[in-house]
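Q: Test case, fold it:
(one chain, ligands or ions: 1)
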Amino acid sequence: MLEAGSGTGQHVVHFAQPTPDIIWWPSDLQAAHLRSIAAWRAHAGLANIRPAMRIDLSDPAWCPAMHDGSGPQSLLAVFCANVIHIAPWRVAEGLFAGAARYLRGDGRLYLYGPFKRDGKHTALSNSIFDTSLRDRDPEWGVRDIADVEKLADGVGFALIEIVPMPANNLILVFERSTKGAASA
Ligand SMILES: C[S@@+](CC[C@H](N)C(=O)[O-])C[C@H]1O[C@@H](n2cnc3c(N)ncnc32)[C@H](O)[C@@H]1O
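A: Modelled structure (predicted):
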């Protein structure tokens, strides 16, 4: 299981603890976060967390470690929390392109964060957050589920589940669409 944009590394430790049968691969773009992940990993001492990989999701071929043998050879899932709204849209594009490239046939992509539905915010707090994001960088912003679905469709993935989470967040679950399989 690959975590994309792990940030501190706190979450991967939380997830890896109760799932000893799953190998977790944290990753991030920023050197400071990679150091933090390494510290959390050392602190946790869990055998099922691999060293953090530097992955820039805006590069569609974002997992060089999968090609040189130093990384995961087959991905069960990709988990990505709180990244695509705090990054330019090309990061979401790269995330899906890479997921299509690296996930095994029955693999899934889990996206956590705030999302708009049918162009509307689901809560005032998300709307305020969206404005603050766009003030910081006009390329950032809370994404609309329909836009993410369109992106997924373009790489042969379909949204199969929306799980409500606390504080007006959602988890969007994607897998390869049967439509894609039929036409492949
Ligand atoms: C708000 S933090 C979220 C961290 C963590 N997933 C969480 O939920 O707390 C956003 C993360 O996305 C990472 N990020 C931003 N752009 C990225 C990119 N192009 N490729 C990979 N990670 C990126 C940042 O370095 C940062 O760690």
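Q: Am I right that residue 76 is in a strand?
A: Yes: with DSSP: H, G, I helix; E, B strand; the rest coil as the criterion, residue 76 is located in a strand.
Q: Surely it is in contact with residue 19?
A: No: the pair residue 76 / residue 19 is not scored as a contact, 10.7 Å apart, by Cβ atoms under 8 Å. Every C-beta, even on glycine, is put in place using the N, C-alpha and C of the backbone.
Q: what's around residue 150, how many residues?
A: For residue 150, the neighbour count with other Cβ atoms under 10 Å is 10.
Q: Confirm that it sits in a helix.
A: Yes: counting by three-state DSSP, residue 150 is found in a helix.
Q: Tell me the spacing between it and the ligand.
A: 20 Å (Cβ to the nearest ligand atom, to the nearest Å).
Q: next one: residue 24
A: On the measure of Cβ to the nearest ligand atom, residue 24 and the ligand end up 13 Å apart.
Q: Over to residue 44?
A: Counting by Cβ to the nearest ligand atom, the gap from residue 44 to the ligand is 16 Å.
Q: How about the residue in the chain positioned nearest to the ligand, nearest residue that isn't a chain neighbour?
A: Using Cβ to the nearest ligand atom, the closest approach of the chain to the ligand is made by residue 7 at 2.5 Å. Closest residue in space to residue 7, ignoring its immediate chain neighbours: residue 33 at 5.7 Å, by Cβ to Cβ, 6 or more residues apart in numbering.
Q: Can you show me the helices along this structure?
A: Along the chain, counting by DSSP state H, helices occupy 10-16, 31-44, 65-68, 89-102, 124-136, 145-154, 178-183.
Q: okay, those helices, which one's buried deepest?
A: Among the helices of the chain, ranked by average contacts under mean count of other Cβ atoms under 10 Å, first place goes to helix 89-102 (a mean of 21).
Q: Show the end-to-end separation of stretch 40-53, please.
A: 14 Å (Cα to Cα, to the nearest Å).
Q: Who does the lengthiest strand in the chain pair with, and is each partner parallel or antiparallel?
A: Counting residues, the longest strand found in the chain (DSSP state E) is strand 103-113. Strand 103-113 sits in its sheet next to strand 75-81 (parallel), strand 169-176 (antiparallel), going by DSSP bridges.
Q: Distance from the chain centre to it, please.
A: 8 Å (Cα atoms, centre = their mean, to the nearest Å).
Q: and it, is it in reach of the ligand?
A: No: judged by Cβ under 6 Å from any ligand atom, strand 103-113 and the ligand are separated, with a smallest distance of 6.9 Å.
Q: what's the nearest residue to the residue positioned nearest the centre of the chain if we skip its chain neighbours?
A: Nearest to the mean C-alpha position of the chain, by Cα atoms, centre = their mean, lies residue 80 at 2.0 Å. Closest residue to residue 80 apart from its sequence neighbours, by Cβ to Cβ, 6+ apart: residue 4 at 4.2 Å.
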